[in-house]
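Engineer: sequence-free structure coming up:
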Ligand SMILES: Cc1c2[nH]c(c1CCC(=O)O)Cc1[nH]c(c(CCC(=O)O)c1C)Cc1[nH]c(c(CCC(=O)O)c1C)Cc1[nH]c(c(C)c1CCC(=O)O)C2
C-alpha cells in the first residue's frame with residue numbers, strides 16, 4: 001500500500017495532510033511510562049527491541065499520527081563509539097569523559113566498527129517493519145540521527161548546555177579538532193543511517209536541535225555541510241527514501257539552504273510564511289506549531305488553521321515546531337492530530 005506520509009515527503013499530492021509529532025513516543029503517555037518502568041530505565045528501553053518497538057507504535061493507536069518514529073535516542077551513537085552514556089534522573093544525558101583532545105578522539109572507534117555495534121536499533125526496526133506490515137495500514141516508519149554538530153555538543157560538553165562555551169572555545173581556538181570530531185561522527189552516521197534503511201525504515205530525519213548555537217556565518221561550515229554530506233551519501237544509494245532536515249532556530253540561514261534532500265523541518269521560531277517564501281518551492285515543509293500551544297485546545301485549533309491557510313494543503317506535513325513536552329495531556333495531543341486531519345480534509 002502506498003504510504004501517504006512517504007508520498008507527502010516526496011511532494012506528491014495526498015488525500016489529506018499527514019501529521020506526526022517530534023518526541024511523540026514519550027513521557028506524556030501513561031502507556032510509555034508503564035513500559036519504561038518495566039524496562040527499569042530509559043537506556044534499557046532503547047536496548048530492548050521488543051519494548052522499544054512497542055513504545056514506537058503507541059502514538060499510532062493512541063494519538064492517531066500518520067507516522068511512527070523509531071524509539072531510540074540520538075546519543076546511542078557516541079555511546080557505541082566508546083563514550084560512556086548515562087541518563088541522570090532530573091539532569092538528562094551525561095558522558096563521563098568528554099572529548100578535549102585529539103588523543104581523546106583517537107580512542108573512539110569509528111566507521112563501520114561503531115555503526116555495527118548498534119544492532120539493537122536495527123533489530124528494533126526489523127521488528128517494527130514486520131509489525132507495521134502485519135497491521136496493513138499505511139503508517140510510515142521514520143528513522144533518525146542527530147546531526148554531527150548536535151552530537152558533538154554533547155560529546156565535548158559531556159552533557160546538555162545553555163552556553164556551549166566548551167565546544168565554542170574549540171570552534172574558535174582549535175577548529176581543526178572540532179572538524180576532526182565532526183568528520184569522524186559523520187562517517188559513523190552515514191553507515192548508521194544506511195543500516196537503518198536496510199533494516200526497513202521508510203524515511204530519515206536528521207535532528208540538528210542545537211543549530212542555533214552557531215553564529216549564522218559559520219553554520220554551513222560547522223553543521224549544515226556535514227548534514228548535506230550525509231543526505232547526499234544516502235540519496236545516491238537510496239533515492240526513494242525521503243530525507244527530512246530539521247535545523248532548529250536558523251531562519252537567518254533560510255536564504256542559503258542547499259542540498260539534495262526532500263523535506264525541511266520548520267521550527268516554531270520561524271513563521272511558516274517565511275519558510276514557504278524562501279524554501280517552499282525547493283522542499284516540502286514540515287511543521288511548525290509551538291509545542292506549548294498543546295496546553296490549550298483553542299490555541300491549538302487557531303494555529304493549525306493558520307498553518308493550513310498558509311500552506312494550503314500543498315507540499316506540507318503537519319508537526320510541532322519541536323518536541324512535545326511531558327506534561328501535555330493525551331487528550332490535547334489527540335485534538336491536535338484530529339484538527340490537522342479536519343482542516344486538510346480527512
Ligand atoms: C537533543 C536530543 C536528544 N534526543 C533526541 C534529540 C533531538 C530531538 C530534540 O531536539 O528534541 C532525539 C530523540 N529522543 C527520543 C526520541 C524518540 C522518538 C520520538 O521522537 O518519539 C528522539 C527522536 C526519546 C527520548 N530521549 C529522552 C527521553 C526521555 C527519557 C525518559 O525519561 O523516558 C525520551 C523519551 C532523553 C533525552 N535525550 C536527549 C535529551 C536532552 C534527553 C533528556 C531530556 C528529557 O528528559 O526530556 C538528547
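Structural biologist: Structure's in. What do you need? Note that this is a predicted model, so its numbers are computed, not measured.

Engineer: mind checking pLDDT for whichever residue of the chain sits closest to the ligand?
Structural biologist: Evaluated by Cβ to the nearest ligand atom, the chain has residue 209 as its residue closest to the ligand, separated by 3.1 Å. Placement of C-beta: from N, CA and C, glycine included. Predicted confidence (pLDDT) for residue 209: 98.

Engineer: Run a quick check on residue 79 versus residue 86, I expect a contact.
Structural biologist: No: using Cβ atoms under 8 Å, residue 79 is not in contact with residue 86; the gap is 9.2 Å.

Engineer: Look at those two and report which has more neighbours.
Structural biologist: residue 79 (19 against 13; other Cβ atoms under 10 Å).

Engineer: quick one: what helix or strand has the more buried one in it?
Structural biologist: Assessed by DSSP states H and E, residue 79 sits inside helix 76-81.

Engineer: ditto for residue 109
Structural biologist: Mapping residue 109 onto the secondary structure by DSSP H and E places it in no helix or strand at all.

Engineer: next one: the one 5 residues further on
Structural biologist: Under the criterion of DSSP H and E, residue 114 resides in helix 111-115.

Engineer: Pull out the buried positions in that helix.
Structural biologist: Judged by neighbour count using 16 or more other Cβ atoms under 10 Å, the buried positions of helix 111-115 are 114-115.

Engineer: ok, now stretch 299-310?
Structural biologist: In terms of neighbour count (16+ other Cβ under 10 Å), stretch 299-310 has its buried residues at 300-301, 303-304, 307-308, 310.

Engineer: just to revisit the earlier point, the helix holding residue 114 - contacts with which helices or strands?
Structural biologist: Counting by 3 or more Cβ pairs under 8 Å, 6 or more residues apart in numbering; DSSP states H and E, the packing neighbours recorded for helix 111-115 are helix 76-81, helix 175-199.

Engineer: So which of those helices is the most surrounded?
Structural biologist: Ranked by average neighbour count under the criterion mean count of other Cβ atoms under 10 Å, the helices and strands packed on helix 111-115 are headed by helix 76-81 at a mean of 22.

Engineer: and for that helix, what are the contacting residues?
Structural biologist: Contacts with helix 76-81, where a contact means Cβ atoms under 8 Å, 6 or more residues apart in numbering, come from 46, 85, 95, 108-110, 114, 117-118, 121, 145-146, 151, 154-155, 184-185, 188-189, 192.
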